[in-house]
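1. This is a predicted model, with the sequence first.
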Amino acid sequence: MAIRELAETWASVYSNSVAIRSAVSFAHFGGLICGGGAAVTADLAMLSALRRDDDAVSHEIARVHALHRFVIACLAVIVASGALLLLKDLDALLESRPFWIKMGLFVALLCNGLLIMWAESRVAARGSNGHGLLRLAAIASLILWLATTLAGTVVPNAL
């Protein structure tokens with residue numbers, strides 16, 4: 001089945017079921033709230049630790065390591081539900097500039113997440129070497145989570 005046919009079938013199912021619309025929206029926003037909230041909390045804690053000493057940073061890296069798995073799981077839910085939201089209005093979204101801005105921000109957010117994990121492993125292995133990069137990546141993460149969320153609120157209003 002072609003993507004457009006799949007999208008048309010999904011759009012029909014989606015538009016005719018309050019339960020499905022609610023479940024997909026909840027998955028998308030729930031993933032965003034939980035994953036974004038955990039990431040923002042971790043970023044703020046890391047920035048606070050970076051203002052103190054190497055022991056605080058090492059402790060914070062160990063603490064947020066488990067949060068990364070949670071954020072990644074939430075991102076998986078966001079991507080899956082986002083794909084369903086895309087399929088419900090495929091043609092309009094593919095032509096939407098705000099949608100592509102949001103997708104660009106989301107890709108930047110994912111790349112920055114990889115940078116954070118790399119910088120954390122660098123700092124953990126080498127002590128203070130890499131604090132500046134970790135600080136920059138944490139600040140970028142805060143900005144990207146908020147910018148992506150803002151763009152996400154613009155997309156449905158721009159259609």
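-> Alright, I've got the coordinates. Fair warning: this is a prediction, and the values are worked out from it, not measured in the lab.

2. Spell out the residue ranges of the helices in this protein.
-> Ranges of helices in the chain, per DSSP state H, are 3-15, 18-50, 54-88, 90-94, 97-126, 131-158.

3. Rebuild those helices as JSON lines, extending it with mean pLDDT.
-> Shown next, in JSON lines, are the helices of the chain (pLDDT from 0 to 100):
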{"stretch": "helix 3-15", "mean pLDDT": "95"}
{"stretch": "helix 18-50", "mean pLDDT": "96"}
{"stretch": "helix 54-88", "mean pLDDT": "92"}
{"stretch": "helix 90-94", "mean pLDDT": "96"}
{"stretch": "helix 97-126", "mean pLDDT": "94"}
{"stretch": "helix 131-158", "mean pLDDT": "96"}
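
4. With mean neighbour count added, can I get those in CSV?
-> Every residue, glycine included, has its C-beta placed from N, CA and C. Output for these, formatted as CSV (neighbours: other C-beta atoms under 10 Å):
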stretch, mean neighbour count
helix 3-15, 14
helix 18-50, 17
helix 54-88, 16
helix 90-94, 15
helix 97-126, 16
helix 131-158, 17
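
5. contacts for stretch 54-63?
-> Residues from elsewhere that reach stretch 54-63 (C-beta atoms under 8 Å, 6 or more residues apart in numbering): Ala45, Met46, Ser48, Ala49, Leu50, Glu120, Val123, Ala124, Gly127, Ser128, His131, Leu134.

6. Same question for stretch 81-92.
-> Contacts of stretch 81-92 (C-beta under 8 Å, 6+ apart): 3-4, 6-7, 10-11, 14-15, 24-25, 27-28, 31, 93, 159.

7. mind running it again at 10 Å?
-> Here stretch 81-92 makes contact (C-beta atoms under 10 Å, 6 or more residues apart in numbering) with 3-4, 6-15, 20-21, 23-32, 75, 93-94, 96, 99, 102-103, 106, 152, 155-156, 158-159.

8. so what's Leu133 up against?
-> Leu115, Ile116, Trp118, Ala119, Glu120, Arg122, Val123.
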